[in-house]
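*Asks:* fold the stuff below for me.
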Amino acid sequence: MTQLGAPQGGLPARPESGGTGSADRIRRIVGDALRSFFAKPSKPSLPGDYLEPGFRRRWLGFLLPGTFLIFWALYLAQGLNGPHDFPIVGFDAHIYYRGSAAWLAGQNPWATGAALAGHHFSYAGLPPTVILLSPLTLLPEEAFLWLWLVASFVAAIVVVRALRLPIGWIAYPPMMFGVMSANPNVVLLALLLAGGTWGGAVASAIKVIAIPPLVGERRWRALLAVAAALSASVVLFPGLWSSFLNQAATVQSAISAESEGGFSAWGTPYLLLPTIAALVILARIDLRASAWLVVPALFPTSQYHYAMLALPVDPFLAAAMAIPLRLVAPIMTIAYTAIRVGLLAWRRSGRGLPAGLAVGRPARERRPAREQ
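*Replies:* Numbering: from 1, shown residues only. Here you go, the predicted model:
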């Protein structure tokens, strides 16, 4: 008599193949990875959110903005009255206008630039920047300049509101200097903070310095859109890319000389390795902070206004980076990393945090709704 459930013919039952189970596991892993890739990233903490409300209100509302007056005085003393400046207002807009206008006219964008106090400054934008700004060059150059000045000022307001900083932070010197010169970086920062996925993609098309913050905040959809846009630009405008690549070394050499090495640690060997080490250590603690700081600390030919990329990280760090001296950004990045490591060690030791720092949940989670 055959047992119930035994196969016909009395043959022993074969064990089920593990292939189906492995395939299910692979599908689950791939599905989880895709969901993680396309999921909306969690909202990052606001700068200064670790502070107790009263401490935050005093420092961010009054004391730090008060120091901006000192920084403006220093910058006016050593910058705006120096040999490389006036007329500074709208100067960068002239450079970007002429680069895109030259391309539309069938000329070489990277042979253009503008003169300031007897010094020539070359156009150095990537092909996507040339393409993106080209429709605006149908306007007269002065109209483009004033349009970009207004857009930069509005962008500065958006940055301050997006970070929920007191309105006095509009006077933050690096950002206001970017506004005055009509540099695209102010609009870029506003797009990164308030533009969502497409804003991040457009910001990266304007300038590649927007890519590290997207990576640090794990905004994969924006990065995917950037990759698609760059690929499309290569397919649609191969001649522009070919021209750029043929001149890239010359352009880089020219802007390095014109920027006198920039404000970052890139051209300073004794500071370069410590800065890289600090950013790597910080990335282990806080990838987002490290990604925002890598540009002002390391990017070749960085300028004073690049310090505004520290605003989404920490207001005290951003205020320190507003000191208008070269190498301040990498030095402050190293100091900030040391402080973060020290606070982490302090917290792990079980001791209480210094006065003014929030304990436990972020400060914004403990505030009444009307103050958020």
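
*Asks:* name the SS class of the residue lying closest to M180 once chain neighbours are set aside, please.
*Replies:* Nearest residue to M180 in three dimensions, chain neighbours excluded: V89, at 5.5 Å (Cβ to Cβ, 6 or more residues apart in numbering). In this view, the C-beta of every residue, glycine as well, is placed from N, C-alpha and C. At V89, secondary structure determined by DSSP: H, G, I helix; E, B strand; the rest coil is coil.

*Asks:* quick check: V89 touching S181?
*Replies:* Yes - between V89 and S181 there is a contact at 7.3 Å, judged by Cβ atoms under 8 Å.

*Asks:* what about the two, which has more around it?
*Replies:* Just comparing V89 and S181: by other Cβ atoms under 10 Å the higher neighbour count belongs to S181, 25 against 12.

*Asks:* who's in contact with that one?
*Replies:* Neighbouring residues of S181 by Cβ atoms under 8 Å, 6 or more residues apart in numbering: 88-93, 305.

*Asks:* so how far is stretch 308-317 from its chain's centroid?
*Replies:* 11 Å (Cα atoms, centre = their mean, to the nearest Å).

*Asks:* contacts for it?
*Replies:* The contact list for stretch 308-317 (Cβ under 8 Å, 6+ apart) reads 44, 47-48, 59-60, 64, 159, 163, 165, 169, 172, 174-175, 178, 185-186, 189, 193, 209, 213, 288-289, 292-293, 295-296, 318, 321, 329, 332, 336.

*Asks:* in helices, which of these appear?
*Replies:* Members of those lying in helices (criterion: DSSP state H): 64, 159, 174-175, 178, 185-186, 189, 193, 213, 288-289, 292-293, 295-296, 318, 321, 329, 332, 336.

*Asks:* helices of the stretch 51-200 of the chain, start to end?
*Replies:* With helices called from DSSP state H, counting those that start in this stretch, the stretch 51-200 of the chain shows them at 53-58, 64-75, 91-104, 127-133, 141-162, 173-180, 185-194, 196-206.

*Asks:* save the ones you listed as CSV, and put in mean neighbour count and mean pLDDT too.
*Replies:* Below are these laid out as CSV (neighbours: other Cβ atoms under 10 Å; pLDDT from 0 to 100):
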stretch, mean neighbour count, mean pLDDT
helix 53-58, 15, 57
helix 64-75, 16, 71
helix 91-104, 22, 91
helix 127-133, 22, 92
helix 141-162, 18, 93
helix 173-180, 25, 90
helix 185-194, 24, 94
helix 196-206, 21, 90
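
*Asks:* looking at those helices, which is closest to I26?
*Replies:* With distances scored as Cβ to Cβ, the stretch of the helices of the stretch 51-200 of the chain nearest to I26 is helix 196-206 (28.2 Å).

*Asks:* helices or strands up against that closest one?
*Replies:* helix 127-133, helix 185-194, helix 211-216, helix 220-236 (3 or more Cβ pairs under 8 Å, 6 or more residues apart in numbering; DSSP states H and E).

*Asks:* relative to P269, which of those helices is closest?
*Replies:* With Cβ to Cβ as the measure, helix 211-216 is the member of these nearest P269 (22.4 Å).

*Asks:* can you tell me which helices and strands that closest one packs against?
*Replies:* helix 196-206, helix 220-236, helix 287-298.

*Asks:* list the buried residues for the longest one?
*Replies:* For helix 220-236, the buried set under the neighbour-count rule, 16 or more other Cβ atoms under 10 Å, comprises 220-223, 225-226, 229-230, 233.

*Asks:* what's the closest of those residues to Y97?
*Replies:* S233 (19.6 Å).

*Asks:* which one is the closest one nearest to, not counting chain neighbours?
*Replies:* Leaving aside its sequence neighbours, S233 sits nearest to P128 (Cβ to Cβ, 6+ apart; 5.3 Å).

*Asks:* show the contacting residues for that neighbour.
*Replies:* Applying Cβ under 8 Å, 6+ apart, we find P128 in contact with 205-206, 229-230, 233.

*Asks:* what's the spacing between the residue nearest to F91 when sequence neighbours are not counted and L193?
*Replies:* Leaving aside its chain neighbours, F91 sits nearest to S181 (5.2 Å; criterion: Cβ to Cβ, 6+ apart). Here S181 is placed at a distance of 20 Å from L193 (Cβ to Cβ, to the nearest Å).

*Asks:* A291 too?
*Replies:* 14 Å.

*Asks:* could I get the contacts of S181 as TSV with distance to A277?
*Replies:* Shown next, in TSV, are the contacts of S181 (distance: Cβ to Cβ, whole Å):
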residue	distance to A277
I88	35
V89	39
G90	39
F91	36
D92	33
A93	38
H305	26
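
*Asks:* quick check: G178 touching N185?
*Replies:* Yes - contact criterion Cβ under 8 Å: G178 and N185 qualify, at 5.2 Å.

*Asks:* if we can go back for a sec, S122: which of the contacts of P128 is nearest?
*Replies:* Among the contacts of P128, and counting by Cβ to Cβ, the member closest to S122 is I206, at 17.9 Å.

*Asks:* tell me who's in contact with that closest one.
*Replies:* The contact partners of I206, taken as Cβ under 8 Å, 6+ apart, are 128-129, 132, 184, 187-188, 191.

*Asks:* and what of S290?
*Replies:* Listed by Cβ under 8 Å, 6+ apart, the contact partners of S290 are 216, 279-280, 282-283.

*Asks:* list buried residues within these.
*Replies:* Taking 16+ other Cβ under 10 Å as the criterion, what is buried in the contacts of S290 is 216, 279, 282-283.
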